[in-house]
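Visitor: Attaching a predicted model along with its sequence, questions to come.
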Amino acid sequence: MSMRSLPIMEVRESLLAALAKQRRLILTAPTGSGKSTQVPQMLLDGRLIGSAGASPSQGGQVVILQPRRLPARMLAAWVAKGRGVKLGEEVGYQIRLDDVTSSATRIRYVTEGILLRQMLSDKNLRGIGAVIFDEFHERHLYGDITLARALQIQETTRPDLIIIVMSATLDTGALKAFLNPCTFLSSTGRTFPVSINYLPRKAGANELPVWDLAAEAFSAFVRSGSVGDVLVFMPGGYEISRTIEAIRRTSASKGYLLLPLHGELSPRDQDAAVSRYDQPKVVVATNVAETSITIEGVRLVIDSGLARIPRYDPNRGINTLLVEKISRASADQRSGRAGRTAAGECIRLWTELEHEQRAAQELPEVKRLDLSEVVLTLKASGVADLRRFRWLESPGEAAILHAEELLIDLGALEKSSGFTTITPLGRRMLAFPVHPRYARMLIAAEQYGCVAPSATRDAYTS
């Protein structure tokens, strides 16, 4: 599909005109419409961003926040290829422990914590002309916090800063009030119908495991005479490997490429999953394929209805990943992957009654995660009163108290004039891209000369 034919291009002129008058915009557009790759280029090529303190040769940068590392890298690679430039020059990406950018970078894809940390060293965001919050419906904690800080910067020192919030499935009510005044723009796009099918009855404890159910659904698809690529959603690497094994054992898999896709794979293997081939393929992926990444040619989506979702584990005192049922909104995102270039089908491995009983949207991370790491970051940026911070959705008082108490115990915060303030130790801890508990452990390990054993699994299993 050519760039000009992407559905999002229909709103290009309206988007540029709106941003010329109002520097805040909410954009909704279907999955696969091209918003993640094309909107940054619209801003750059439409000359809406100036130098904003950058060198004349740079002329301002468009920063796109992505909830996950894999899409950040892949989107940057696709945009660089489309513009005929080398990745890391005009177009680049930055994630934890991996910075593929240069002084010439004008479009930079980043994960959400990267920009918030940049705000600590440069509160005016010099050189950045626009910040785009992509897939904002996922409501990641760092996305919420970074949006609030960006609004504060725009309202004080950078009225020229452009802020765009984008998603395919977005509850815009509260967001419009939060961003007010702002412009709302919607692209309907061009999608094809996707038929949704469910299991006829609820799977019991003694039923087939989810990977075998997926293999049966795939076999039925092939036996029906249908053709095209298949995308299977599973919660993690273990389930992905079991699913590939189960599908490979079926006679229907003959002639199909079977490929995994998740964040722990090498970039080469990740790229292989989204490449085009002369033969059909089955891609078994985590929810990294739910948004931002479009796998062309998919005619069937098989959805396990499961994902690894981060939650606070009170027993361990940190955030952890738990396999849970996805929301109806996430299921809609997944099914839409089958209707990008032709009519498709989605098979959900649960019943229609179970579907109606699922949550409409995912609970925002601010309501289900430990806040210690983000509280430490906010304190480093000078936020004295956390209760008066510009939360899009305020966390519970208990969650704030717990985070402050933990950080005081770790020596990262201290009480001063009725509020907590960051200590020199806390600023040192902030340099580690890990939970404060682990950051404090590594600092102590350095003092005692035992960094290597403290940082390896052997220290906890021997």
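Guide: Received it, and whenever you're ready, just let me know what you need.
Visitor: where exactly do the strands run in the stretch 351-462 of the chain?
Guide: Under the criterion DSSP state E, counting those that start in this stretch, the stretch 351-462 of the chain contains strands at 413-416, 419-422.
Visitor: Just say which of those strands is most tucked in.
Guide: The highest mean neighbour count among the strands of the stretch 351-462 of the chain belongs to strand 419-422 (a mean of 18), with neighbours defined as mean count of other C-beta atoms under 10 Å. In this view, the C-beta of every residue, glycine as well, is placed from N, C-alpha and C.
Visitor: So what are the sheet partners of that strand and their directions?
Guide: Sheet pairing of strand 419-422 (DSSP bridges) gives strand 413-416 (antiparallel).
Visitor: My guess is Gly336 contacts Ile196. True?
Guide: No - with contact defined as C-beta atoms under 8 Å, Gly336 does not reach Ile196; the gap is 10.8 Å.
Visitor: What residue spans form the domains of the protein?
Guide: In the assignment given by automatic domain parsing, the structural domains of the chain cover 3-186, 194-363, 371-461.
Visitor: now Pro260, nearest residue through space, not along the chain?
Guide: Taking C-beta to C-beta, 6 or more residues apart in numbering, and ignoring the residues beside it in sequence, Pro260 has Ile240 as its nearest neighbour in space, at 4.9 Å.
Visitor: what's next to the host helix or strand of Leu44, contact-wise?
Guide: Under the criterion DSSP states H and E, the helix or strand holding Leu44 is helix 35-45. Contact with helix 35-45 is made by 3, 6, 8-9, 12, 15-16, 19, 27, 29, 49, 62, 64, 66, 71, 75, 78-79, 82-83, 106-107, 129-130, 132, 134-135, 162, 164, 166, 187, 292, as judged by C-beta atoms under 8 Å, 6 or more residues apart in numbering.
Visitor: which ones among these are found in helices?
Guide: 12, 15-16, 19, 71, 75, 78-79, 82-83 (DSSP state H).
Visitor: Where does confidence bottom out across these?
Guide: Comparing pLDDT over the ones in helices among the contacts of helix 35-45, the lowest score belongs to Pro71 (89).
Visitor: So that one is in contact with Thr294, correct?
Guide: No - using C-beta under 8 Å as the test, Pro71 is too far from Thr294 to be in contact (10.2 Å).
Visitor: ok, Gly336 and Ile196, which is more surrounded?
Guide: A direct count of neighbours by other C-beta atoms under 10 Å for Gly336 and Ile196 places Gly336 higher, at 24 against 16.
Visitor: Let's verify the more buried one: helix, strand, or coil?
Guide: Look at Gly336: counting by DSSP: H, G, I helix; E, B strand; the rest coil, its state is helix.
Visitor: Please list all residues in contact with it.
Guide: So Gly336 contacts 30-32, 168, 191, 194 (C-beta under 8 Å, 6+ apart).
Visitor: Next: Ala80.
Guide: Contact criterion C-beta under 8 Å, 6+ apart gives 86-92 as the residues in contact with Ala80.
Visitor: Among the residues you listed, name the buried ones.
Guide: Neighbour counting over these (16 or more other C-beta atoms under 10 Å) leaves 87-92 as the buried ones.
Visitor: In strands, which of those residues fall?
Guide: The strands, defined by DSSP state E, take in 91-92 from these.
Visitor: Turn the buried ones among the contacts of Ala80 into TSV, including distance to Pro267 and pLDDT.
Guide: Conversion of the buried ones among the contacts of Ala80 to TSV gives the following (distance: C-beta to C-beta, whole Å; pLDDT from 0 to 100):
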residue	distance to Pro267	pLDDT
Leu87	11	96
Gly88	13	95
Glu89	18	95
Glu90	20	95
Val91	16	97
Gly92	14	96
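Visitor: Pipe the buried ones among the contacts of Ala80 into JSON lines and attach distance to Lys379 per row.
Guide: JSON lines is the format used below for those (distance: C-beta to C-beta, whole Å):
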{"residue": "Leu87", "distance to Lys379": "36"}
{"residue": "Gly88", "distance to Lys379": "33"}
{"residue": "Glu89", "distance to Lys379": "36"}
{"residue": "Glu90", "distance to Lys379": "36"}
{"residue": "Val91", "distance to Lys379": "34"}
{"residue": "Gly92", "distance to Lys379": "30"}
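Visitor: can you give me the helices in the stretch 351-462 of the chain?
Guide: Using DSSP state H, counting those that start in this stretch, the helices found in the stretch 351-462 of the chain span residues 352-356, 372-380, 397-409, 424-430, 436-448, 451-455, 458-461.
Visitor: Any chance of those helices in JSON lines with mean neighbour count and mean pLDDT as columns?
Guide: Converted to JSON lines, the helices of the stretch 351-462 of the chain look like this (neighbours: other C-beta atoms under 10 Å; pLDDT from 0 to 100):
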{"stretch": "helix 352-356", "mean neighbour count": "12", "mean pLDDT": "95"}
{"stretch": "helix 372-380", "mean neighbour count": "23", "mean pLDDT": "92"}
{"stretch": "helix 397-409", "mean neighbour count": "17", "mean pLDDT": "94"}
{"stretch": "helix 424-430", "mean neighbour count": "17", "mean pLDDT": "95"}
{"stretch": "helix 436-448", "mean neighbour count": "16", "mean pLDDT": "93"}
{"stretch": "helix 451-455", "mean neighbour count": "13", "mean pLDDT": "84"}
{"stretch": "helix 458-461", "mean neighbour count": "9", "mean pLDDT": "45"}
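Visitor: now those in TSV, with distance to Gln154?
Guide: Supplementary listing: these in TSV, determined by distance: least, C-beta to C-beta, whole Å:
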stretch	distance to Gln154
helix 352-356	40
helix 372-380	18
helix 397-409	25
helix 424-430	24
helix 436-448	29
helix 451-455	40
helix 458-461	45
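Visitor: Leu261 is nearest to which of those helices?
Guide: Ranking those by proximity to Leu261 (C-beta to C-beta) places helix 352-356 first, at 24.5 Å.
Visitor: Any chance you could list what contacts the closest one?
Guide: Applying C-beta under 8 Å, 6+ apart, the contact partners of helix 352-356 are 198, 202, 328, 331, 348.
Visitor: tell me which residues in stretch 225-237 are buried?
Guide: So, applying 16+ other C-beta under 10 Å, buried residues of stretch 225-237: 228-237.
Visitor: tell me how far stretch 372-392 is from the chain's mean position?
Guide: 22 Å (C-alpha atoms, centre = their mean, to the nearest Å).
Visitor: What is the least confident helix or strand in the protein?
Guide: Among the secondary structure pieces of the chain, namely its helices and strands, helix 458-461 has the lowest mean (mean pLDDT, DSSP states H and E), a mean of 45.
Visitor: center of this structure - which residue?
Guide: For the chain, the residue nearest the mean C-alpha position is Pro67 (1.9 Å; C-alpha atoms, centre = their mean).
Visitor: so it touches Thr111, yeah?
Guide: Yes - counting by C-beta under 8 Å, a contact exists between Pro67 and Thr111, whose distance comes to 7.5 Å.
Visitor: Flag the shaky bits of the stretch 101-250 of the chain, pLDDT-wise.
Guide: Applying pLDDT under 70 to the predicted model, the residue ranges of the stretch 101-250 of the chain that meet it are 189-191, 204-206.
Visitor: All the strands of it, residue numbers only.
Guide: All strands of the stretch 101-250 of the chain, identified by DSSP E, counting those that start in this stretch, fall at 107-111, 128-133, 162-167, 183-186, 194-198, 229-233.
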